[in-house]
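S.K.: Have a look; sequence and predicted model below, questions after that.
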Amino acid sequence: MKKRQKSNSLRAFACACVCLLLAGCGSLRFAPDEMQKQNAWLHNRTAIVTAETARAEDASETLQALTQLNEAQSRAFSSYCGLPDEFPQAETTEDILAESNWQLAATALQASAERPDTWQVADSMLELGIGICAVLGGVGGARAVRTLKDARTKSQALREVITGNELFKKQNQAQAAAFKQAQSNQSPETRQLVAQMKA
């Protein structure tokens, strides 16, 4: 019974890894870091001050309504990201418009666009699988750990080969066509796998 459970667990884990690799990392993102949390909180604070300023300056009803909606929408972003450990200075309009906050916004924007690459996800999944199998223990768990470690080693080797090939093609533009021709005998599955790894 235990062997069947371990075997089913390993199959489910392997299936999840394969599905993740085939789907790619387009939908995966890093968790918000401290800087992104600060930026989200600052965005909310900016929206609050903007709404207060619009009311205090007796702006048009449309502008006041827009700033109030902006404030409500901003709360969702800061709630999603979570509160930062340290809060940026943002009591007054002058505080909010400080150069450091402009830099924070620019840096947070750049960090927000980053996504884990396929290699990072594959390595993480293999590490997770090794950990799960080690906890399960027994002969089946030990075999699975060896298999997953072997898969991790092969994944790292494949990454090095692909990275080396891409570097070679960039440094030897004249031979890139011959290089591609030499790889044309690869199976469609291999070409698809390499293309996904390079993306």
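M.R.: Cool, the structure landed. Numbering: from 1, shown residues only.
S.K.: what about the residue of the chain most remote from its centre, distance to Asn165?
M.R.: Distance from the C-alpha centroid of the chain peaks at Asp58, with 43.3 Å (Cα atoms, centre = their mean). To Asn165, Asp58 is 65 Å away according to Cβ to Cβ, to the nearest Å. Bear in mind the C-beta positions are built from the backbone N, C-alpha and C, glycine included.
S.K.: so what are the domain limits for the chain?
M.R.: Domains of the chain are assigned by automatic domain parsing as 2-26+117-198, 34-112.
S.K.: Mean neighbour count, those: which tops it?
M.R.: Counting by mean count of other Cβ atoms under 10 Å, domain 34-112 has the highest mean neighbour count of those, with a mean of 15.
S.K.: Show me the shaky parts of the chain.
M.R.: 1-30, 114-121, 196-199 (pLDDT under 70).
S.K.: Could you pick out the longest helix of it?
M.R.: helix 138-171 (DSSP state H).
S.K.: Determine how far that helix lies from the middle of the whole chain.
M.R.: 21 Å (Cα atoms, centre = their mean, to the nearest Å).
S.K.: And stretch 175-195, by the same measure?
M.R.: Taking Cα atoms, centre = their mean, one finds stretch 175-195 lying 28 Å from the centre of the chain it belongs to.
S.K.: check contacts around Ala90.
M.R.: 42, 45-46, 49, 96, 101 (Cβ atoms under 8 Å, 6 or more residues apart in numbering).
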